[in-house]
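Undergrad: 3D model of this:
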Amino acid sequence: MLRFAYDPKADAIYIWLRDVPSAFGENLDHARRVDYAADRQPIGVELLNASKGVDLDDLPEQAAVEKLLEEHRIQVYAWTGSGALVTIRGNLVACG
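TA: Take a look at the predicted model:
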């Protein structure tokens, strides 16, 4: 079961995918980081600038993460084939 936390001061979301210690992390870009366990399986996702919306591209467990973000009314974006960024879900953010 995924767990969700939002820090309004940092405008950051953390989603726990598994309840195991982190061994290392990988920044996908300036606003998204995936943490991994020693077995190289993803255990968590950090999403910065959450009030501006979240890009789900290349995130682990994307469908489950999207559903959780929708439950918390977080705006979700996706890249189109033409390279445009479009809103696919959400209204935005009053969580915490």
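Undergrad: so where's this protein shaky on pLDDT?
TA: Applying pLDDT under 70 to the chain flags residues 78-96.
Undergrad: now do the phi/psi pair for Leu47.
TA: Phi and psi for Leu47, reported as degrees, to the nearest 10, are phi -130, psi 120.
Undergrad: what helix or strand is Pro60 on?
TA: If you go by DSSP states H and E, Pro60 is not part of any helix or strand.
Undergrad: so it is in contact with Arg40, correct?
TA: No. Contact criterion Cβ atoms under 8 Å: Pro60 and Arg40 do not qualify, at 11.3 Å. Where C-beta positions appear, they are placed from N, C-alpha and C, glycine not excepted.
Undergrad: quick one: the strands in the protein?
TA: For the chain, applying DSSP state E gives strands covering 3-7, 12-16, 24-29, 32-36, 42-48, 54-55, 76-79, 85-89.
Undergrad: compare Pro60 and Arg40 (neighbour count), which wins?
TA: When Pro60 and Arg40 are compared for neighbours, Pro60 comes out ahead with 16 against 8, by other Cβ atoms under 10 Å.
Undergrad: so how far is Lys9 from the nearest residue to that one once chain neighbours are set aside?
TA: Of all residues not flanking Pro60 in the chain, Pro42 sits nearest, at 3.9 Å (Cβ to Cβ, 6 or more residues apart in numbering). Noted for Pro42: a distance of 26 Å to Lys9, by Cβ to Cβ, to the nearest Å.
Undergrad: between these two, which is the more surrounded one?
TA: Using other Cβ under 10 Å as the criterion, Pro42 and Lys9 rank with Pro42 on top: 16 against 6.
Undergrad: tell me the bridge partners for that one.
TA: For Pro42, the beta-bridge partners are Tyr36 (DSSP bridges).
Undergrad: ok, it - contacts?
TA: Shown in contact with Pro42 (Cβ atoms under 8 Å, 6 or more residues apart in numbering): Leu17, Arg18, Val34, Asp35, Tyr36, Pro60, Glu61.
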